[in-house]
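1. The following comprises the amino acid sequence and a computationally predicted model.
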Amino acid sequence: MIAGLATGMMSTWMPVLLFAGAIWGAYSLAGFYGVAIAASAMMATTAMQLAIDAFGPIADNAGGIAEMSELPKDVREKTDVLDSVGNTTAAIGKGFAIASAALTALALFAAYVDFTGIEGINIFKADVLAALFVGGMIPVVFSALAMQSVGRAAMDMVNEVRRQFREIPGLLEGTGKAEYGKCVEISTKAALREMMPPGLITIITPIVIGFVMGPEALGGYMAGVTVSGVMWAIFQSNAGGAWDNAKKSFEKGVEIDGKMYYKGSEPHKAAVTGDTVGDPFKDTSGPSMNILIKLTCLVGLVIAPILGGHTDTEMGSTAPEKHEIIQQQDALQQPAAEPTDAEK
């Protein structure tokens, strides 16, 4: 458990430095347009990401089918190797997704500042700093809610399976037929029910902060969600993948202090515990950070014209005062017209 946590935490430094370099470099070359192009380029790898993410579950399910079909053990060993590769590639795919979220957030920040009409986001202001801390807290609470949801759904499933073993004759012996639909129903209903609290937090919190504390504070909140969310996404995805692969490594044997340990040993049981924690890390709360970051920035951008006091005109949403000032400046910069003959 400690090694998995440490692996996930240490895995954040290199991607974050790459994010920072990409943002800085793109902005230096072409301003926010460069950042937008960089984000678009990251999103252009979506097809590859989907293929990479699908590889792991396909290999894992193949292993489960092989075991339930009572195929030879060497088949399961091969699928376990493929599944280990799938865990690693899935972590890389999630890294691409969170990188695109970080780059997209900066482009959305630029649009947000423009729509609200604020000069920038000054953390020397107490309300902005307070909102920044609240934003940093949201991904932590969001992750906790997601993992608790997985735990509750898992216990409902366990209780249902135990009920079927008690009530269906011959199920343990393999002669009875299980009620598979009940398990599917539990999983489906739990997925829909448990997503409501995290979803409401994601949508309602930026609206409340924007209207209560103001547009600049909301900008600080969005920055806090983005920075904290990126860290938690990388940490959870890589820690979960490390725990899963650690469990699978016992199929071929792991040497600890000069002694080999295999499946069924005490170290393997500890690795199974790690994998149980790792599944909600890498499959639930980790990937959801990408959605949290993008949705938070999009909600802020949607309410930005209202916060900035913009009004709808024929040309779209613009700030009247700012528009008049720009027109006056343009008029002053125009060269004086030559007088006509009648005026002379």
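-> Structure received.
2. For the longest helix along the chain, what is the distance to the chain centroid?
-> If you go by DSSP state H, the chain has its longest helix at helix 73-116. Distance, stretch centre to chain centre, for helix 73-116: 8 Å (C-alpha atoms, centre = their mean, to the nearest Å).
3. on contacts alone, who are the packing partners of it?
-> helix 13-43, helix 46-68, helix 215-248, helix 286-307 (3 or more C-beta pairs under 8 Å, 6 or more residues apart in numbering; DSSP states H and E). Placement of C-beta: from N, CA and C, glycine included.
4. For these, state which one has the densest average packing.
-> helix 215-248 (a mean of 25; mean count of other C-beta atoms under 10 Å).
5. re the thing from before, can you say which of the helices and strands packed on helix 73-116 is nearest to residue 192?
-> With C-beta to C-beta as the criterion, residue 192 lies closest to helix 286-307 of those, at 14.9 Å.
6. packing partners for that closest one?
-> Using 3+ C-beta pairs under 8 Å, 6+ apart, helix 286-307 is in contact with helix 73-116, helix 126-167, helix 196-213, helix 215-248.
7. if you set the cut-off to 10 Å instead, what comes out?
-> helix 73-116, helix 126-167, helix 196-213, helix 215-248, strand 316-318 (3 or more C-beta pairs under 10 Å, 6 or more residues apart in numbering; DSSP states H and E).
8. Find the one among the ones you listed with the highest mean neighbour count.
-> helix 215-248 (a mean of 25).
9. Show the subsequent helix or strand relative to it.
-> Once the chain leaves helix 215-248, the next helix or strand it forms, by DSSP states H and E, is strand 254-256.
10. buried ones in that following strand?
-> By 16 or more other C-beta atoms under 10 Å, the buried positions in strand 254-256 come out as residue 254.
11. List the buried residues of the very next helix or strand once past that strand.
-> Remark: after strand 254-256, the chain's next helix or strand is strand 259-261, criterion DSSP H and E. Neighbour-count burial for strand 259-261, counted by 16+ other C-beta under 10 Å, picks out residue 261.
12. All further residue positions should be reported with the first residue as 48.
-> Sounds good: first residue 48 from here, last item strand 306-308.
13. still on that earlier bit, let me know the angle separating the longest helix of the chain from helix 243-260.
-> Relative orientation of helix 120-163 and helix 243-260, computed by axes from the mean of the first three to the mean of the last three C-alpha atoms, to 10 degrees: 20 degrees.
14. Near residue 118, how many other residues are there?
-> Look at residue 118: counted by other C-beta atoms under 10 Å, it has 13 neighbours.
15. still on that earlier bit, closest to residue 236 out of the helices and strands packed on helix 333-354?
-> helix 173-214 (8.8 Å).
16. by how many degrees do that closest one and helix 262-295 diverge?
-> 40 degrees.
17. and helix 173-214, what other elements does it pack with?
-> Counting by 3+ C-beta pairs under 10 Å, 6+ apart, helix 173-214 packs on helix 227-241, helix 243-260, helix 262-295, helix 313-327, helix 333-354.
18. Of all the ones you listed, which one is nearest residue 153?
-> That would be helix 262-295 among the helices and strands packed on helix 173-214, by C-beta to C-beta, at 8.2 Å.
19. Surely residue 314 touches residue 303?
-> Yes. Counting by C-beta atoms under 10 Å, residue 314 does reach residue 303; the two are 6.0 Å apart.
20. mind checking which of the helices and strands packed on helix 333-354 is nearest residue 346?
-> Here helix 243-260 is closest among the helices and strands packed on helix 333-354 (C-beta to C-beta), at 4.8 Å.
21. What is the closest one packed up against?
-> Using 3+ C-beta pairs under 10 Å, 6+ apart, helix 243-260 sits against helix 173-214, helix 262-295, helix 333-354.
22. could you say what helices and strands the second one packs with?
-> When you say that, I think you mean helix 262-295. helix 49-57, helix 60-90, helix 93-115, helix 120-163, helix 173-214, helix 243-260, helix 313-327, helix 333-354.
23. any chance of these in JSON lines, plus mean pLDDT?
-> Converted to JSON lines, these look like this (pLDDT from 0 to 100):
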{"stretch": "helix 49-57", "mean pLDDT": "91"}
{"stretch": "helix 60-90", "mean pLDDT": "86"}
{"stretch": "helix 93-115", "mean pLDDT": "81"}
{"stretch": "helix 120-163", "mean pLDDT": "80"}
{"stretch": "helix 173-214", "mean pLDDT": "91"}
{"stretch": "helix 243-260", "mean pLDDT": "92"}
{"stretch": "helix 313-327", "mean pLDDT": "87"}
{"stretch": "helix 333-354", "mean pLDDT": "89"}
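24. and the ones you listed as a markdown table, adding distance to residue 222?
-> Compiled in a markdown table, the helices and strands packed on helix 262-295 are given as follows (distance: least, C-beta to C-beta, whole Å):
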| stretch | distance to residue 222 |
| --- | --- |
| helix 49-57 | 40 |
| helix 60-90 | 52 |
| helix 93-115 | 16 |
| helix 120-163 | 24 |
| helix 173-214 | 13 |
| helix 243-260 | 41 |
| helix 313-327 | 29 |
| helix 333-354 | 40 |
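25. For residue 317, which non-adjacent residue is spatially closest?
-> Nearest residue to residue 317, sequence neighbours excluded (C-beta to C-beta, 6 or more residues apart in numbering): residue 48, at 7.7 Å.
26. Can you verify my assumption that that neighbour contacts residue 290?
-> Yes. Contact criterion C-beta under 10 Å: residue 48 and residue 290 qualify, at 8.1 Å.
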